[in-house]
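Visitor: need a 3D model of the following:
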Amino acid sequence: MKRISALLLSLSAVCCLLLSLALTVLLGAAPVHAASGAPEATVPVASGCLAAAPSKQQVAVGQPAHIVITVSCYPAIPSPIVIVDWGDGSLSKYPVCAAACPVPPVELVAAHSYAKAGTYQPLICLSGEGPITPLPECVSVEVIVVPLTPQPLS
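Guide: Model prediction:
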């Protein structure tokens, strides 16, 4: 009898965990993407706990694009980290908490140089590190990379 009650207790705990994970997946925040060709906004792109500015910028090939990322609250995730997918195959990770989490808002500056001209939409996500984390909260900005203009020799 004790074995059956212990089995039922552990089975119910597993069911609760799976149910909470399923609800997190179903009700998690969807990524917000910047519309290409839209006029440049003066306000940052934002979601619940995450914002990024500027929403649109133009840089030359080889010159760094800078994004100011603001984390205004910490979702219930282990080891919060900001991950930037720059859209050209590069990823950057920025831990939000070192020994302890600072009081929000926390500002991070991400920078990246592109090797090819084009329009990129870096995806900035607030996520956690660990085996079980909810869906990341994400925002996207637009970076237009133009060819370097050669300067005439004097």
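
Visitor: domain assignment for this structure?
Guide: 1-30, 31-146 (automatic domain parsing).

Visitor: pLDDT on the last one, on average?
Guide: This predicted structure assigns domain 31-146 an average pLDDT of 84.

Visitor: ok, residue 118 touching residue 145?
Guide: Yes: judged on C-beta atoms under 8 Å, residue 118 makes contact with residue 145 at a distance of 5.7 Å. For the C-beta atoms, the positions are set from N, CA and C on the backbone; glycine is no exception.

Visitor: which residues of the protein fall in strands?
Guide: 45-46, 50-53, 56-60, 64-71, 80-85, 91-95, 106-113, 118-120, 123-128, 137-140, 142-146 (DSSP state E).

Visitor: now the fifth one against strand 91-95, angle please.
Guide: Translated: strand 80-85. Going by axes from the mean of the first three to the mean of the last three C-alpha atoms, to 10 degrees, strand 80-85 is angled at 160 degrees with respect to strand 91-95.

Visitor: the fourth one too?
Guide: Between the axes of strand 64-71 and strand 91-95, defined by the same axes, to 10 degrees, the angle is 40 degrees.

Visitor: specify the angle between strand 64-71 and strand 142-146 in degrees.
Guide: Going by the same axes, to 10 degrees, strand 64-71 makes 170 degrees with strand 142-146.

Visitor: can you redo the strands of the chain as JSON lines with distance to residue 153 and mean neighbour count?
Guide: Below are those laid out as JSON lines (distance: least, C-beta to C-beta, whole Å; neighbours: other C-beta atoms under 10 Å):
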{"stretch": "strand 45-46", "distance to residue 153": "41", "mean neighbour count": "18"}
{"stretch": "strand 50-53", "distance to residue 153": "38", "mean neighbour count": "22"}
{"stretch": "strand 56-60", "distance to residue 153": "19", "mean neighbour count": "16"}
{"stretch": "strand 64-71", "distance to residue 153": "26", "mean neighbour count": "18"}
{"stretch": "strand 80-85", "distance to residue 153": "37", "mean neighbour count": "20"}
{"stretch": "strand 91-95", "distance to residue 153": "36", "mean neighbour count": "13"}
{"stretch": "strand 106-113", "distance to residue 153": "25", "mean neighbour count": "15"}
{"stretch": "strand 118-120", "distance to residue 153": "28", "mean neighbour count": "15"}
{"stretch": "strand 123-128", "distance to residue 153": "40", "mean neighbour count": "22"}
{"stretch": "strand 137-140", "distance to residue 153": "40", "mean neighbour count": "22"}
{"stretch": "strand 142-146", "distance to residue 153": "21", "mean neighbour count": "20"}
